[in-house]
Every structure is written in C-alpha cells, then in structure tokens.
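*Asks:* Make a model of this:
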Amino acid sequence: MKNKSKRVKSMVVLSFLGSQMIVTLVQAQEGVETKPPVTEYEPRFPEQTRAQAVETEAEYDVNVITEALNSPWGMDELPDGRLLITQKNDGNMLIYSFETGELGQPIVGFPEVNNGGQGGMLDVAIAPDFKESRLIYFTFSENVEDGTVTAVGRGLLSEDETQVENTEVIFRAEPAYNGNLHYGSRLVFDNEGNLYVSFGERSDAGIREEAQNVEAYLGTVIHITADGQAVEASPYINDAHALAEIFTYGHRNVQGMDMHPETGEVWISEMGPQGGDEVNRLEAGSNYGWPRVSYGIEYSGAPINEGETSGDSFTEPIYYWDPSIAPSGMAFYDSDVIAEWGNNLFIGALAGSHIARLVIEDNWVVGEERLLANEEQRFRDIHVGTDGAIYAITDQGRLYQIQSAE
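*Replies:* Here you go, the predicted model:
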C-alpha cells in the first residue's frame, strides 16, 4: 500500500491590540478525527489531542490469518514465534502456529473465571525465562467472598501444551467489588524480570473514588516481583499509609501497556468516559487524576467533578482523544523491518474500530494515523512479533498480521 505524506493547511487568525487589528498566518493541523468533540475543553498544550495526520509511506500487507478465535483478549509470543492467545469468555488459552496455520486445542487447568460483563480471562505474559521455567502469567476476574477482583495468576505450561500445572494466584486487586466492569488489565515484564500490572477502578460511582486512595489497588498500576511482592524500588515501600506495590494511581481503566524500547519507561492507554481517552507516560508515585479530573464527561452528559480537567497535583496525559476511540491493548514498534515505524506506538481501538499509530518525538505525539479503519473490527490487543510484523486480535475473533510487503 503506497500512502500519502503529511498534510498541513494554513488559516488566518485575527486579533486586536486596542483598535489595531493584527493578521497572523498560522499553520493548522489536519488530524485524522473528523467528528466534533463531545466537550468544549481546551488541551493544555497543542500536541495533546488531534495530532497532525500522517500516512505510512512504506508498503505493507494485511492478512487475516484466522477468524476462529472466541472473544480473544490478550496475547504473547512463545520463544519459537507461535502466539499464545487468551479467550475471555471461555477462560482458557490457545496457541496459534504459523507452521500449520491452525489454532491448537484449548489449554486447560486455569482457575475458574467470572466472565460476566467485562470479566473473564484477560492478559497473558510469557516469563522471561520461559525456556527453562515454562511459566506463564495471566490476569483474570475472580470470584471471592465479597464480589470479584482482578487476580494475577501463574502456572507451568505442560510439555505437551495441553494444560497449565501448579497454578497459583500471586496477587489480587483488593478491595473486592460486586460488579462486572473495569477490571483492566495488562501485564508487562520489566528488564529485571519484575511485573507491571494494571487494574481498573471498577467503574461505578462511589467505588471509582478508590482510584484516589493509595490504600486500595483499584485504578492503579503496580510493580511487583515475579512472586507477587513489592519491588524494592517502589515509591511507597516505606510509606505506612500506602500500599507498597503501587507504582502509579488515579487511573480509570487501563487496557494498554508497554515499555518504550529506548527509554524503558512504561506507557499506558486508558479508557475515558465520553471523550478523555488517554495515553500516559508513567512516573513512579504519580497521580493521574481520575476521577477528580478528566478531559471527558459522564455518559449522561454531565461534567465530571464540575468539569475540572487538570490540577497541580495531577500528571497530565501525553495525549487524549475526544470523541472516544476506546483504546485497548498497545505495543511500541521495536523492530527495524519497517524503519518508518520505529518506536511508534500502535493502539487497538474498540469503539473506533481501527489501529491508532502514534508518532512520538521527545515524548510528544507529533502525528497520528488510523490503520485498518475499513475492517469494522474492535481491535482488542496488539503485539509486535520478533519477525517485525504487527499482530492484532479483535473482539469478533480475528487475528490480523500486518507485515512489510518488501
């Protein structure tokens, strides 16, 4: 596919100094979003929303390599290049083999999941030492005494790959809540073999306020060891009034997370209400504001906290969308196969039915592109393979491969 280059247009701005009219010619950005915003909020800086439209110049091929998945939610790559894919509603996982072009039989042995609403089997991450340990980590919604929680489990993938063995829950995002929304949740290993895990704030009025409470795990990203303990560098490790595992808080529903290939910093995408979907660069101990501030509004149309969008104690999002695209899984392009995409961020959009490509320079979003927008799919998760291809799964059961045509 040969694509067009950036497009920029100009506009005239009139201003007045006393009785003198000043005419200024400025360049206006032409973004990919053509719908009007649902709010009247102003961004804090020009690059924070509706970035300039860009289009990939490199030629690439798009293939649907299977349509046989059932509500896929997360995926990771096994050492031999096959994909391990979770199925939300079924509470299990499957392996896709490129050699056979087929999905394997469901892997059994996982804990029982609550698949009501947004619950079920969620994300999966292969242990860095998988070749020796055969450990896989996963998140799921679990029934407990007082409701449900987002739980982090792990288990050994059997040699014949038919089941997981010795499964155990290493972490639970308490407090429990009797609801079925906003579980999160993504898993990312850092370079030391520790885990970042994201948790939703469970959505409903009242419970969502826990996202501002550092004595609860709801609406947080935590940083734990592979055994589920707080890392020594935790910002709250010595704070008697905070949970030691918390890395950041004030989040709504984080369904996308990855580490920047060059800086090692953790970036996330989180769903806003109406408008206000965010991309955030995480800084240890920072508060990202939800539900005290937001660039979105309630589904009823009412403002959130009297329409406050920012505050001195809150960290601003790097980027936001208005109207919402419902961002889900994401991945940085850390391959040189398509050099033009180097370090670009690819995010699956559910409501937007596309893959958002964000061009980032010095931690600012300077361009945005929408890929596969004509496919009418809800893109749930993104993975960049060791082969340099981008893999995407959709709620409708498809697995896409986007690879260089050269």
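
*Asks:* Quick one, grab the pLDDT at Glu406.
*Replies:* Note for Glu406: predicted pLDDT of 83.

*Asks:* again but with Glu30, I slipped
*Replies:* 83.

*Asks:* Isn't it up against Ala53?
*Replies:* Yes: with contact defined as Cβ atoms under 8 Å, Glu30 counts as touching Ala53 (5.5 Å). Backbone N, C-alpha and C define where each C-beta goes, glycine included.

*Asks:* who has more neighbours, these two?
*Replies:* Taking neighbours as other Cβ atoms under 10 Å, Glu30 and Ala53 compare with Ala53 leading, 18 against 13.

*Asks:* how far does stretch 372-382 sit from the chain's center?
*Replies:* 14 Å (Cα atoms, centre = their mean, to the nearest Å).

*Asks:* Look at Leu282 and say how many residues are nearby.
*Replies:* 22.

*Asks:* how close does it sit to Ala244?
*Replies:* 17 Å (Cβ to Cβ, to the nearest Å).

*Asks:* mind checking which helix or strand Thr148 is in?
*Replies:* Assigned by DSSP states H and E, Thr148 belongs to strand 147-157.

*Asks:* Please apply the same query to Asn166.
*Replies:* Applying DSSP H and E, one finds Asn166 within strand 164-172.

*Asks:* wait, what's in contact with the residue positioned nearest the centre of the chain?
*Replies:* For the chain, the residue nearest the mean C-alpha position is Gly256 (0.9 Å; Cα atoms, centre = their mean). Taking Cβ atoms under 8 Å, 6 or more residues apart in numbering as the criterion, Gly256 is in contact with 186, 268-270, 327-330, 347-348, 382.

*Asks:* Just the buried residues of the strand holding Asn166, please?
*Replies:* Neighbour-count burial for strand 164-172 flags 164, 170-172 (criterion: 16 or more other Cβ atoms under 10 Å).

*Asks:* same thing with stretch 111-127?
*Replies:* Taking 16+ other Cβ under 10 Å as the criterion, stretch 111-127 shows 111, 113-115, 118-127 as buried.

*Asks:* State the pair within those that is farthest apart.
*Replies:* For the buried residues of stretch 111-127, the farthest-apart pair by Cβ to Cβ is Gln118 and Ala127; their separation is 26.2 Å.

*Asks:* Show me the beta-bridge partners of the residue nearest to the centre of the chain.
*Replies:* Taking DSSP bridges as the rule, Gly256 bridges to Ser269.

*Asks:* Look up how far Arg44 lies from the residue nearest to Ala211 when sequence neighbours are not counted.
*Replies:* Spatially, and ignoring its direct neighbours in sequence, Ala211 is nearest to Gly219 (2.7 Å; Cβ to Cβ, 6 or more residues apart in numbering). Gly219 sits 22 Å away from Arg44, going by Cβ to Cβ.

*Asks:* Neighbour count for those two, which is higher?
*Replies:* Higher neighbour count among Gly219 and Arg44: Gly219, with 32 against 14, using other Cβ under 10 Å.

*Asks:* What segments of this structure are helices?
*Replies:* Ranges of helices in the chain, per DSSP state H, are 130-133.

*Asks:* quick one: low-confidence parts of it?
*Replies:* 1-29 (pLDDT under 70).

*Asks:* Repeat the analysis, applying 50 as the threshold.
*Replies:* The chain contains residues with pLDDT under 50 at 1-28.

*Asks:* start to end distance for stretch 54-69?
*Replies:* 32 Å (Cα to Cα, to the nearest Å).

*Asks:* try stretch 293-311
*Replies:* Stretch 293-311: ends 7 Å apart by Cα to Cα.

*Asks:* So for that stretch, what gets flagged as buried?
*Replies:* Buried, per 16+ other Cβ under 10 Å, within stretch 293-311: 293-297, 304, 309-310.

*Asks:* Of these, which is the nearest to Tyr319?
*Replies:* Of these, the one sitting nearest to Tyr319 (Cβ to Cβ) turns out to be Tyr295, at 10.2 Å.

*Asks:* Tell me how far that closest one lies from Val359.
*Replies:* From Tyr295 over to Val359 (counting by Cβ to Cβ), the distance is 21 Å.

*Asks:* For Glu368, list each beta-bridge partner.
*Replies:* Under the criterion used (DSSP bridges), Glu368 bridges to Ala53, Leu358.

*Asks:* tally of neighbours for Glu406?
*Replies:* 9.

*Asks:* quick one: contacts for it?
*Replies:* Here Glu406 is in contact with 58-59 (criterion: Cβ under 8 Å, 6+ apart).

*Asks:* So which of the buried residues of stretch 293-311 belong to strands?
*Replies:* With strands defined by DSSP state E, no entry of the buried residues of stretch 293-311 lies inside them.

*Asks:* Check the residues you listed and tell me the two furthest apart.
*Replies:* For those, the maximum inter-member distance is 15.0 Å, found between Ile297 and Ser310 (Cβ to Cβ).

*Asks:* about what we covered before: surely the residue nearest to Ala211 meets Glu209?
*Replies:* No: the criterion here is Cβ under 8 Å, and Gly219 misses it with Glu209 at 9.1 Å.

*Asks:* Okay, strands next: where are they in the stretch 151-300 of the chain?
*Replies:* Per DSSP state E, counting those that start in this stretch, the stretch 151-300 of the chain has strands spanning 164-172, 184-189, 195-199, 220-224, 246-249, 254-259, 266-270, 277-281. These are given in chain order.

*Asks:* any idea how far Trp267 is from Thr39?
*Replies:* 24 Å.

*Asks:* From what I see, Tyr96 and Leu399 are in contact.
*Replies:* Yes: at 6.4 Å, Tyr96 counts as touching Leu399 under the criterion of Cβ under 8 Å.

*Asks:* what residues are shared contacts of the two?
*Replies:* Common neighbours of Tyr96 and Leu399 (Cβ under 8 Å, 6+ apart) are 65-66, 83, 85.
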